[in-house]
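Student: Task: produce atomic coordinates for the following.
(one chain, ligands or ions: 1)
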Amino acid sequence: MVTIGILALQGAFVEHEAMVRRLGAQAVQVRKPEQLADLDGLIIPGGESTTMGLVAERWGLVEPLRAWVRSGKPTWGTCAGMIMLADRATGQKEGGQTLLGGLDVTVNRNYFGRQNESFETWLRVPALGEAPIRAVFIRAPAIVAAGAGVEVLATVPGRGEDVIAAVRQGNILATAFHPELTDDLRWHALFLAMVENPVAVA
Ligand code: GLN
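Tutor: Next comes the predicted model:
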């Protein structure tokens with residue numbers, strides 16, 4: 001049985017835990033660097049990326065998490081978690097904020113900000129099969145640029161352009177929305193499949 005850690009510093013970690021268990025995997029809340037050693041995969045949940053970064057700094061988790069991602073361990077960031085994994089972010093708090101990086105994308109932290117704080121829509125995600133998938137966006141970021149090694153899994157209409165809402169790069173999965181707030185287990189199943197069959201990363 002695989003063990004999935006859910007970073008439990010702040011945000012929507014309980015919901016992820018429940019989804020992982022429904023798929024028959026073990027789920028643990030992660031708050032300490034030493035817990036990373038026992039995990040097969042890690043989920044960084046949604047919440048507030050500035051706060052999550054601050055708490056991670058305070059609890060000595062930033063460098064251990066960077067090392068985890070860099071070593072190619074399967075990691076999935078949802079919403080604020082996707083921001084944490086981005087190599088580059090725009091719309092950050094003044095003075096910047098702590099990012100873990102590892103994912104070769106530029107995120108706009110509050111892309112859907114003012115006009116469209118929260119919304120739900122249906123996404124077409126070929127990697128998850130024919131049936132469209134419901135996506136809940138809450139003060140959601142969007143990926144506005146992605147490197148060549150990044151596979152786009154879903155896009156969503158943005159401000160006069162389509163923006164990227166889900167990607168995969170090596171063993172990293174990132175979604176701008178909150179799959180843990182729906183009843184559809186397909187994203188969690190995809191991540192578990194990535195954990196069970198990680199790709200070799202240089
Ligand atoms: N935009 C938020 C941030 O900057 C993320 C919102 C979310 O995770 N629902 O962290």
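Student: which bits of the protein sit near the ligand?
Tutor: Contact residues (CB under 6 Å from any ligand atom) of the chain with the ligand: G46, G47, E48, S49, C79, A80, I83, R109, N110, I138, R139, P141. (C-beta placed from N, C-alpha, C; glycine too.)
Student: Any chance of JSON lines for the residues you listed, columns pLDDT?
Tutor: Output for these, formatted as JSON lines (pLDDT from 0 to 100):
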{"residue": "G46", "pLDDT": "96"}
{"residue": "G47", "pLDDT": "95"}
{"residue": "E48", "pLDDT": "94"}
{"residue": "S49", "pLDDT": "95"}
{"residue": "C79", "pLDDT": "97"}
{"residue": "A80", "pLDDT": "97"}
{"residue": "I83", "pLDDT": "97"}
{"residue": "R109", "pLDDT": "94"}
{"residue": "N110", "pLDDT": "92"}
{"residue": "I138", "pLDDT": "95"}
{"residue": "R139", "pLDDT": "94"}
{"residue": "P141", "pLDDT": "96"}
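Student: Show me just the buried residues among those.
Tutor: G46, G47, E48, S49, C79, A80, I83, R109, N110, I138, R139, P141 (16 or more other CB atoms under 10 Å).
Student: what's near enough to touch A176?
Tutor: With contacts defined as CB atoms under 8 Å, 6 or more residues apart in numbering, A176 is in contact with 79, 82, 107, 111, 137, 140-143, 156, 164-166.
Student: give me that answer again for 10 Å
Tutor: Residues near A176 by CB atoms under 10 Å, 6 or more residues apart in numbering: 46, 77-79, 82-83, 107-108, 111-112, 135, 137-138, 140-143, 154, 156, 163-167.
Student: dump the residue contacts of the residue nearest the centre of the chain.
Tutor: Residue closest to the average C-alpha location in the chain (CA atoms, centre = their mean): G77, at 1.2 Å. G77 sits next to 7, 42-46, 49, 69, 83-86, 100, 102-103, 107, 141, 172-176 when contact means CB under 10 Å, 6+ apart.
Student: Could you check stretch 64-71 and say which residues are buried?
Tutor: Here stretch 64-71 shows P64, L65, W68, V69 as buried, counting by 16+ other CB under 10 Å.
Student: quick one: it to chain centroid distance?
Tutor: 15 Å (CA atoms, centre = their mean, to the nearest Å).
Student: Go ahead and confirm L153 touches P179.
Tutor: No - look at L153 against P179 with CB atoms under 10 Å: they stay out of range, at 11.7 Å.
Student: so what's in contact with the two at the same time?
Tutor: Joint contacts of L153 and P179 (CB under 10 Å, 6+ apart) are L128, A166, W187, L190.
Student: Test for you: state the pLDDT assigned to the first one.
Tutor: Note on L128: pLDDT of 97.
Student: Grab the nearest non-local neighbour of it.
Tutor: Leaving aside its sequence neighbours, L128 sits nearest to R186 (CB to CB, 6 or more residues apart in numbering; 4.5 Å).
Student: Good, wrapping up.
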